[in-house]
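[1] Dropping the sequence and predicted coords here.
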Amino acid sequence: MINRLRFNQLRRGSAAVTANCGALGVRVEFHWEKQTSPADKDRYIIDSVMKACDILEAFRSEGELLRMSELASRAGLTRPTTLRLLHTMERRGLVERVDSRQYRLGIRKRHRRVARIGYGSHSEEFSFSRDVKEGLEQAAAREGVELLVLDNRYSSRTAVRNAEIFVRERMNLVVEFQADEHHAAPVISSNLMEAGIPLIAVEIPHPGATFFGANNYAAGLIGGRCLGRWAKQHWHGEVDEVIVLELRMSGPIPASRLTGALTGIREILPGLSDRQIVRLNGNGQFGPSLEAVRKHLRGSRARRVLVAAINDPSAIGGLRAFEEIGAAERCAVAGQNASAEGRAELRRKGSRLIGSVGYFPEKYGDGVIALALDILAGKPAPPAVFTRHHLITAENVDHYYPNDAMMLPEHLDAQLLRGH
């Protein structure tokens with residue numbers, strides 16, 4: 001006797017598969033049926049082409065990398081169907097296999113008009129801002145975006161002038177990276193708003209702008225916990241002083257990474273008092289930080305000092321002040337950004353820079369350009385897009401940045417000392 005089992009399931013497309021299991025005397029029929037819309041009943045529509053289009057539309061940006069399982073989920077297809085379609089589409093250049101698991105679009109969308117985006121670059125002084133700029137240029141080139149880059153030169157006046165140039169050039173959107181939240185940011189925002197130009201602010205908030213950058217408090221918390229754990233392990237939790245190297249003109253949002261750092265230290269060392277905290281303005285630069293800490297050490301008798309800095313150049317400046325008086329063993333320093341200068345210092349044998357929180361600015365470009373194109377397309381944009389952070393140490397720096405060996409040390413030193 002042969003039993004017939006019929007399975008009806010709503011699926012994309014329709015098919016029937018019959019299997020005979022002679023040993024069991026069972027005949028199994030699988031029927032996949034689809035609820036059809038009026039458009040689906042068009043006899044001229046080729047179902048496999050529709051499915052291939054679904055896969056292409058699953059990519060949300062031209063640079064996005066997706067696994068086969070993610071494409072199947074977004075397109076509403078089974079994995080075997082998706083795999084066969086991807087194999088065919090790869091042969092015809094519609095998609096590209098990036099590695100054994102990921103795919104990206106192999107064709108570029110035709111834009112009815114080229115987006116013109118202005119970018120006010122922070123400064124060539126810092127490797128962090130150079131990485132952001134290079135990432136933006138590469139992402140813009142991939143997306144067919146016209147990118148006008150102007151160097152703000154770490155100057156409020158220059159940043160305001162550059163914004164005025166963007167207005168005169170009638171840019172469709174502006175991406176701004178400059179450090180003065182108190183004075184330059186409101187002026188830049190006002191000028192662009194009056195001209196009807198949307199604004200994305202990188203790292204430093206600007207009124208009315210979409211923010212893209214660090215989750216400052218969370219990043220600070222990571223750095224602070226690193227310092228606290230180190231002090232507990234090496235100094236049995238006994239700390240005389242905590243130096244906080246600030247960048248005061250950047251405003252309260254970037255400063256929250258230092259608030260987070262102090263919170264992180266106190267999680268590990270709850271006995272730390274406010275009297276033990278020394279706040280110095282290193283201006284986010286190597287030279288001013290070196291001078292500020294050098295001056296402070298002349299009158300300090302602290303033997304165990306933790307240093308939490310706003311960024312890596314500032315952290316290294318503070319560290320050098322201890323080293324030049326032969327007191328490196330009296331300090332432990334944590335930076336922010338894990339920029340090229342910081343990574344080089346982490347690799348230096350015996351350095352008291354014990355860690356730096358990674359922001360991965362080299363990856364900003366794809367995110368910023370995708371956000372900009374969404375805004376220009378009228379899609380809803382979040383008020384803020386935050387990057388992910390990881391603690392970078394001497395033990396894992398080569399894992400995160402294996403290609404740093406190609407950088408020349410003298411080049412890094414020259415860049416670092418520009419702010420001196």
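    Yes, it's here. Residues are numbered from 1 along each chain as shown.
[2] Every contact and neighbour count from this point should use C-alpha atoms.
    OK.
[3] tally of neighbours for residue 272?
    Residue 272 has 19 neighbours, counted by other CA atoms under 10 Å.
[4] does it count as helix, strand or coil?
    Secondary structure assignment for residue 272 (DSSP: H, G, I helix; E, B strand; the rest coil): coil.
[5] With residue 336 as the reference, measure out to residue 391.
    Residue 391 sits 9 Å away from residue 336, going by CA to CA, to the nearest Å.
[6] The two: who's more crowded?
    Set residue 391 next to residue 336 and count neighbours by other CA under 10 Å: residue 336 wins out with 29 against 20.
[7] where's that one, which helix or strand?
    strand 331-337 (DSSP states H and E).
[8] so how far is that strand off the chain centroid?
    20 Å (CA atoms, centre = their mean, to the nearest Å).
[9] And for stretch 242-249?
    On CA atoms, centre = their mean, the centre of stretch 242-249 falls 23 Å from that of its chain.
[10] Domain parsing of the protein, as residue ranges.
    1-45, 116-214+363-386, 216-358+389-419 (automatic domain parsing).
[11] pLDDT of the first one, averaged?
    pLDDT averaged over domain 1-45 equals 46, rounded to a whole number.
[12] ok, now how distant is residue 211 from residue 383?
    6 Å.
[13] cool, and residue 120?
    20 Å.
[14] Check residue 208 too.
    Per CA to CA, residue 208 is found 9 Å from residue 383.
[15] between the two, which one's more packed in?
    Neighbours of residue 208 and residue 383, each counted by other CA under 10 Å, are more numerous for residue 208; the result is 15 against 11.
[16] mind listing what the more buried one touches?
    Residue 208 is in contact with 189, 199, counting by CA atoms under 8 Å, 6 or more residues apart in numbering.
[17] Specify the local secondary structure of it.
    coil.
[18] hang on, the earlier thing: relative to residue 59, which of the domains of the chain is closest?
    Smallest distance to residue 59 across the domains of the chain (CA to CA): 11.8 Å, for domain 116-214+363-386.
[19] and that closest one, how far apart are its ends?
    Domain 116-214+363-386 end-to-end distance (CA to CA) = 24 Å.
[20] Please apply the same query to stretch 151-162.
    Taking CA to CA, stretch 151-162 runs 8 Å from one end to the other.
[21] Run the chain-centre distance for that stretch.
    With CA atoms, centre = their mean, you get 23 Å for stretch 151-162.
[22] what's in contact with it?
    Residues from elsewhere that reach stretch 151-162, judged by CA under 8 Å, 6+ apart: 120-125, 150, 178-180, 183-184, 187-188.
[23] got it, and stretch 311-328?
    The contact list for stretch 311-328 (CA under 8 Å, 6+ apart) reads 245, 282-294, 297, 307-309, 330-331, 333-339, 341-342, 345, 352-353, 356, 416.
[24] Now do the same for the strand holding residue 336: mean pLDDT, whole number.
    On average, strand 331-337 scores 98.
[25] now stretch 240-253
    94.
[26] Check stretch 376-393 too.
    Rounded mean pLDDT across stretch 376-393 is 94.
[27] Equivalent analysis for stretch 73-80, please.
    pLDDT averaged over stretch 73-80 gives 94.
[28] Name the residues of it that are buried.
    75-77 (16 or more other CA atoms under 10 Å).
[29] how about JSON lines for these, with distance to residue 58 added?
    Listed next are the buried residues of stretch 73-80 as JSON lines, based on distance: CA to CA, whole Å:
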{"residue": "75", "distance to residue 58": "6"}
{"residue": "76", "distance to residue 58": "10"}
{"residue": "77", "distance to residue 58": "11"}
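[30] Go through these and name the one nearest residue 224.
    Using CA to CA, the buried residues of stretch 73-80 come closest to residue 224 at residue 75, 43.5 Å.
[31] For that closest one, which residues are in contact?
    Residue 75 touches 51, 54-55, 57-58, counting by CA under 8 Å, 6+ apart.
[32] can you list contacts of stretch 173-180?
    116-122, 152, 154-156, 159, 166, 185, 197-204, 249-251, 372, 376.
[33] Return whichever helix or strand residue 229 is part of as CSV; C-alpha atoms alone will do.
    Under the criterion of DSSP H and E, residue 229 resides in helix 216-234. In CSV, the C-alpha atoms belonging to helix 216-234 read as follows (Å, rounded to 0.1, in the frame of the first residue of the first chain):
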residue,chain,number,x,y,z
ASN,A,216,32.0,58.9,23.4
TYR,A,217,30.9,57.8,26.9
ALA,A,218,31.1,54.1,26.0
ALA,A,219,34.5,54.6,24.5
GLY,A,220,35.7,56.4,27.6
LEU,A,221,34.3,53.7,29.8
ILE,A,222,36.4,51.1,28.0
GLY,A,223,39.6,53.1,28.4
GLY,A,224,38.9,53.9,32.1
ARG,A,225,38.3,50.2,32.9
CYS,A,226,41.6,49.4,31.2
LEU,A,227,43.4,51.9,33.5
GLY,A,228,41.6,50.7,36.6
ARG,A,229,42.4,47.0,35.9
TRP,A,230,46.0,47.8,35.2
ALA,A,231,46.4,49.8,38.5
LYS,A,232,44.8,47.0,40.4
GLN,A,233,47.1,44.4,38.9
HIS,A,234,50.4,46.3,39.1
